[in-house]
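>>> Here's my sequence, what's the structure:
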Amino acid sequence: AGLAKNYDVLSADVLQYYYIGLNNAGPILSDLNVRKALNHLVNVDKIIQTLMHGNADKVKSPILPQKPYYVSNLPDIEYNLPKAVAILDQSGYSEKGADGIRTKTIDGQPMRLSFTILTTGKQLGKDVATLLIDEARKVGIEIKMESMDFPKILERIKTGKYDMANLVVKQFPGLDDPYLAWNSANACGQGSNYCNVNIPAIDRITEEIRTA
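Residues are numbered from 1 along each chain as shown. Sure, this is the predicted structure:
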């Protein structure tokens with residue numbers, strides 16, 4: 001009581017963010033609509049309030065709010081199961097197998113919406129994965145959790161043989177260089193573009209930023 005009376009106790013900002021990385025080069029996750037549907041399954045507010053005890057802020061881009069060039073009016077990606085269902089139905093993943101998992105036939109092969117999320121043994125990562133697994137099951141998506149040490153996770157990511165992974169980015173107070181994590185030159189094990197993003201517009205912008 002004396003401490004609270006005589007001092008203001010604050011939590012210092014930490015320049016890092018947590019995210020679930022999706023392999024954009026995966027056989028199913030290369031479909032933008034599947035990735036959009038998965039976005040609507042992540043209840044970020046619940047993660048912050050229940051798993052992180054309110055000690056975190058929602059961010060909407062890899063540029064953190066502490067940076068002067070952060071864009072604050074980006075649209076929110078809402079947690080919305082019906083919207084995820086609508087996207088999957090419109091994308092052809094409307095059929096369900098006997099196990100309730102959505103399936104789409106691509107080039108004569110049935111593609112089940114079944115993924116694995118990699119996470120370390122830390123409780124937060126396992127809890128986030130469990131929450132996503134439960135939400136995915138509600139809309140006909142199967143997600144399985146695989147725990148391992150981070151060096152092994154990184155090794156798997158660099159080979160491109162993964163679907164999803166719980167990841168964290170730690171930044172420094174200086175200028176950001178998004179080329180490293182978002183340019184296609186650093187994808188597929190060549191650098192830290194772990195999600196294997198390959199979009200010409202992003203390549204052009206991240207290259208221009210380096211010389212602006």
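>>> any weak-confidence spans in this protein?
Screening the chain residue by residue with the criterion pLDDT under 70, one finds the ranges 1-4, 9-10, 12.
>>> Show the residue spans covered by the strands in it.
16-22, 95-96, 102-106, 109-112, 114-119, 142-147, 164-170 (DSSP state E).
>>> which of these is buried the deepest?
Across those, averaging neighbours per residue (mean count of other Cβ atoms under 10 Å) puts strand 114-119 on top, at a mean of 21. For every residue, glycine as well, the C-beta is placed using N, CA and C.
>>> Next, format the strands of the chain as CSV and append distance to Ile202.
Converted to CSV, these look like this (distance: least, Cβ to Cβ, whole Å):
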stretch, distance to Ile202
strand 16-22, 15
strand 95-96, 33
strand 102-106, 26
strand 109-112, 26
strand 114-119, 24
strand 142-147, 26
strand 164-170, 16
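>>> closest to Asn43 out of those?
Proximity to Asn43 (Cβ to Cβ) singles out strand 16-22 among the strands of the chain, at 12.1 Å.
>>> which residues are contacting that closest one?
Residues outside strand 16-22 that contact it (Cβ atoms under 8 Å, 6 or more residues apart in numbering): 29, 35, 38, 42, 56, 59, 62, 64, 117, 124, 128, 132, 157, 163-171, 194-195.
>>> Let's see stretch 187-199 as CSV, backbone CA atoms only.
C-alpha atoms of stretch 187-199 as CSV (Å, rounded to 0.1, in the frame of the first residue of the first chain):
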residue,chain,number,x,y,z
ALA,A,187,12.7,-16.3,-48.4
CYS,A,188,13.1,-20.0,-48.7
GLY,A,189,15.9,-20.3,-46.2
GLN,A,190,18.0,-17.5,-47.7
GLY,A,191,17.3,-15.1,-44.9
SER,A,192,14.8,-14.1,-42.2
ASN,A,193,11.7,-14.0,-44.5
TYR,A,194,10.4,-17.0,-42.5
CYS,A,195,6.9,-16.8,-43.9
ASN,A,196,8.2,-17.0,-47.5
VAL,A,197,6.4,-13.9,-48.6
ASN,A,198,6.9,-13.4,-52.4
ILE,A,199,5.0,-10.3,-53.5
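>>> how distant is it from the center of its chain?
On the basis of Cα atoms, centre = their mean, to the nearest Å, stretch 187-199 sits 14 Å off its chain's mean C-alpha point.
>>> residues of it that come out buried?
187, 192-198 (16 or more other Cβ atoms under 10 Å).
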